[in-house]
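J.: What would the 3D arrangement of this be:
(one chain, ligands or ions: 1)
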Amino acid sequence: MTRYQARAIGVSRRFGSLNALDDIDLDISPGELLGLLGPNGAGKTTLLSLLTGLRSPGAGRVELFGGDPRQPRNRERLGTTPQETGLPDTLRVGEIVEFVAKHYPEPLPVGELLEQFGLSELARRQAGSLSGGQQRRLSVALAFVGDPALVVLDEPTTGLDVAARDSLWEALRHHHQRGTTLLLTSHYLAEIEALAERIVVMDRGRVLADGPQREIKSRVHTRTVTVRGTNLPELPGVVRSELDDGAHRLFTRDSDQLVRDLVRSGADFEDLTVTGASLEEAFTALTAEANPIDEHAGGRA
Ligand SMILES: Nc1ncnc2c1ncn2[C@@H]1O[C@H](COP(=O)(O)OP(=O)(O)OP(=O)(O)O)[C@@H](O)[C@H]1O
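T.: Below you'll find the predicted structure:
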């Protein structure tokens, strides 16, 4: 019995002449909360489609619970939500959840699930009358109905407002705490930063980085010194600076020296903080390193 719930071993997948995945290795162990990041077209959805048995690899091997993900019996402990939702318009939300629950030997209690995903008040509404964000919440909830060991979510919070997104994060954390393994993709770096313990960064079909979030961030050596003040002098060692609502953000490789220089300069400042790289900075640096002539936008992966 393998100790991994899902694995890709030397996996490649082409679409015509395009190498969507190029020799990917990935292991997912029980209990992990793994965030898969990458710019558009990186190959995230393709990789998920192989791991969940929707496609076959061109080369290499994919395993789900130690077997072929294309075999239904190996998908019994898998929960997924596709990027596009397709729910029967005329069925009510509660009926859909109950219908899906009947397909599993030990489903989660329907009422509990509706509550967790903020759907209790919508239980009697027909799916066709739901807003895009409500449909999204329902389809994410459906991934959990069968109490799966591994849940794979492709862009779970797309189209959700801030409150709905926060409550979805809460639900995901809850399921992770009770032992469910989660693999999710998101374009929102803040989302992956808030949720994921392990991060895999992909670009152009390859894995650029794979490790604990703090390790991925520590690959970027720049630190940020933030201060409020007027007439700050130009200081050596500042590689970039930003002014945001009166706060100067000074990016440097040596924050200790910068703070010493700042104090010595006699400038009048307050509210000094020193922080390491954010996930956004790490992501931007990693993808820029891999594609020296490209400019990847920050904020969204
Ligand atoms: N069915 C297909 N036929 C042809 N090309 C495809 C197909 N599916 C994906 N591709 C291509 O493979 C590459 C990887 O696509 P994929 O959807 O896996 O990327 P992604 O990282 O999920 O992107 P996004 O963030 O935009 O969803 C892209 O260049 C895409 O155009």
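
J.: pLDDT score assigned to the closest residue to the ligand within the stretch 51-200 of the chain?
T.: Nearest residue of the stretch 51-200 of the chain to the ligand: His187, at 6.3 Å (CB to the nearest ligand atom). For the C-beta atoms, the positions are set from N, CA and C on the backbone; glycine is no exception. His187 carries a pLDDT value of 85.

J.: ok, it touching Thr157?
T.: No: His187 is not in contact with Thr157 according to CB atoms under 8 Å; the separation is 9.5 Å.

J.: With neighbour numbers in mind, choose between the two.
T.: Thr157 (24 against 17; other CB atoms under 10 Å).

J.: The more buried one and Gly38, how far apart?
T.: Counting by CB to CB, to the nearest Å, the gap from Thr157 to Gly38 is 17 Å.

J.: Check Glu289 too.
T.: To Gly38, Glu289 is 14 Å away according to CB to CB.

J.: More neighbours: these two, which one.
T.: Between Glu289 and Gly38, counting by other CB under 10 Å, Gly38 is the more crowded of the two (25 against 13).

J.: which residues touch the lengthiest helix in the chain?
T.: Using DSSP state H to define each element, the chain has its longest helix at helix 162-177. Under the contact criterion CB atoms under 8 Å, 6 or more residues apart in numbering, helix 162-177 has outside partners 31, 33, 116-118, 133, 137, 140-141, 144, 151, 153, 156-157, 160, 182, 184, 191, 194-195.

J.: any idea how far stretch 156-174 is from the chain center?
T.: Relative to its chain's centre, stretch 156-174 lies at 12 Å (CA atoms, centre = their mean, to the nearest Å).

J.: do it and the ligand meet?
T.: No: counting by CB under 6 Å from any ligand atom, no contacts exist between stretch 156-174 and the ligand, the nearest distance being 9.8 Å.

J.: quick one: average confidence on that stretch?
T.: Throughout stretch 156-174, pLDDT has a mean value of 90.

J.: Narrow the contacts of helix 162-177 to just the buried residues.
T.: Buried members of the contacts of helix 162-177, scored by 16 or more other CB atoms under 10 Å, are 33, 116-118, 133, 137, 140-141, 144, 151, 153, 156-157, 160, 182, 184, 191, 194-195.

J.: Now, these that are in strands?
T.: Among these, DSSP state E puts 33, 151, 153, 182, 184 in strands.

J.: could you list every residue that touches the second one?
T.: Going back to what we said before, that points to Val151. 78-80, 143-144, 175, 180-183.

J.: just the fourth one next, same as before
T.: Residues in contact with Leu182, defined by CB under 8 Å, 6+ apart, are 32-34, 150-151, 153, 172, 175-176, 195.

J.: Chain neighbours aside, what residue packs nearest to it?
T.: Excluding the flanking residues, the one nearest Leu182 by CB to CB, 6 or more residues apart in numbering is Leu33, at 4.8 Å.

J.: quick one: contacts for that neighbour?
T.: By CB under 8 Å, 6+ apart, the contact set of Leu33 is 172, 176, 181-182, 195-198.

J.: Taking those, tell me the two that lie furthest apart.
T.: Spatial extent of the contacts of Leu33 (CB to CB) is set by the pair Leu172 and Arg198 at 14.6 Å.

J.: Of these two, give the one with the bigger neighbour count.
T.: Neighbours per residue, other CB under 10 Å: of Leu172 and Arg198, the larger number sits with Leu172, 25 against 18.

J.: What sits closest to Thr230 if chain neighbours are left out?
T.: Excluding its sequence neighbours, the residue lying closest to Thr230 (CB to CB, 6+ apart) is Asp268, at 6.9 Å.

J.: got the residues of the stretch 1-150 of the chain near the ligand?
T.: 15, 18, 20, 38, 40-46.

J.: And the residues you listed, which of them are buried?
T.: Buried among these by 16+ other CB under 10 Å: 20, 38, 42-46.

J.: Return the subset of those residues lying in strands.
T.: Per DSSP E, strands hold the following members of these: Ala20.

J.: Let me have the buried ones among the residues of the stretch 1-150 of the chain next to the ligand in JSON lines, adding distance to Gly10 as columns.
T.: Below are those laid out as JSON lines (distance: CB to CB, whole Å):
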{"residue": "Ala20", "distance to Gly10": "15"}
{"residue": "Gly38", "distance to Gly10": "19"}
{"residue": "Ala42", "distance to Gly10": "18"}
{"residue": "Gly43", "distance to Gly10": "14"}
{"residue": "Lys44", "distance to Gly10": "18"}
{"residue": "Thr45", "distance to Gly10": "20"}
{"residue": "Thr46", "distance to Gly10": "15"}
